[in-house]
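*Asks:* dropping a prediction and its sequence here:
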Amino acid sequence: DEEQSVLHAVSADFVTVTIKEQYISRGDMHFFQNSLVGRWIYEGQRLSNKTKGVQAHAREIRHGKRMAKSGIITADTMITFRSRSARIFWLVQMSSEMWD
């Protein structure tokens, strides 16, 4: 009972995980999420799974409504995957004639 209360105090409720330059299917995301259960993570930590070849970073960890620097992943932890490869940059070039 005391162990459960300590686990609740240090567990992460929400974690944002970023992925860069790789494709990960939903099945791989689910497998990766399950492989993290029971692990202690900290903000900025490189997370990897050699079985599926997933490499990611823990970016945002929340406990309730407050930010946390670290926490333990439980089965109830909600993990959000963000792709850093899917960013779009709009570059607009205007000539001097367009301003006249």
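*Replies:* Now that the structure is in, tell me what you want to look at.
*Asks:* helices along the protein, start to end?
*Replies:* Secondary structure of the chain (DSSP state H): helices located at 2-10, 26-36.
*Asks:* can you flag the weakest of those by average pLDDT?
*Replies:* Least confidently modelled of those is helix 2-10, at a mean of 84 by mean pLDDT.
*Asks:* pick the most buried one from the helices of the chain.
*Replies:* Highest mean neighbour count of those: helix 26-36, a mean of 15 (counted as mean count of other CB atoms under 10 Å). From N, CA and C alone the C-beta is placed, and that goes for glycine too.
*Asks:* tell me what it is packed against?
*Replies:* Packing partners of helix 26-36 (3 or more CB pairs under 8 Å, 6 or more residues apart in numbering; DSSP states H and E): strand 46-49, strand 54-63, strand 78-83.
*Asks:* in a markdown table: those, plus mean pLDDT, mean neighbour count and distance to residue 36.
*Replies:* Listed next are those as a markdown table, based on pLDDT from 0 to 100; neighbours: other CB atoms under 10 Å; distance: least, CB to CB, whole Å:
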| stretch | mean pLDDT | mean neighbour count | distance to residue 36 |
| --- | --- | --- | --- |
| strand 46-49 | 89 | 14 | 7 |
| strand 54-63 | 92 | 18 | 9 |
| strand 78-83 | 92 | 14 | 7 |
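*Asks:* to residue 3, which of those lies closest?
*Replies:* Nearest to residue 3 among the helices and strands packed on helix 26-36 is strand 54-63; the distance by CB to CB comes to 17.5 Å.
*Asks:* the closest one: partners in the sheet, and parallel or antiparallel?
*Replies:* strand 14-19 (antiparallel), strand 46-49 (antiparallel), strand 66-68 (antiparallel) (DSSP bridges).
*Asks:* what lies in contact with it?
*Replies:* Residues outside strand 54-63 that contact it (CB atoms under 8 Å, 6 or more residues apart in numbering) are 10-20, 22, 24, 28, 32, 41-48, 67-71, 81-82.
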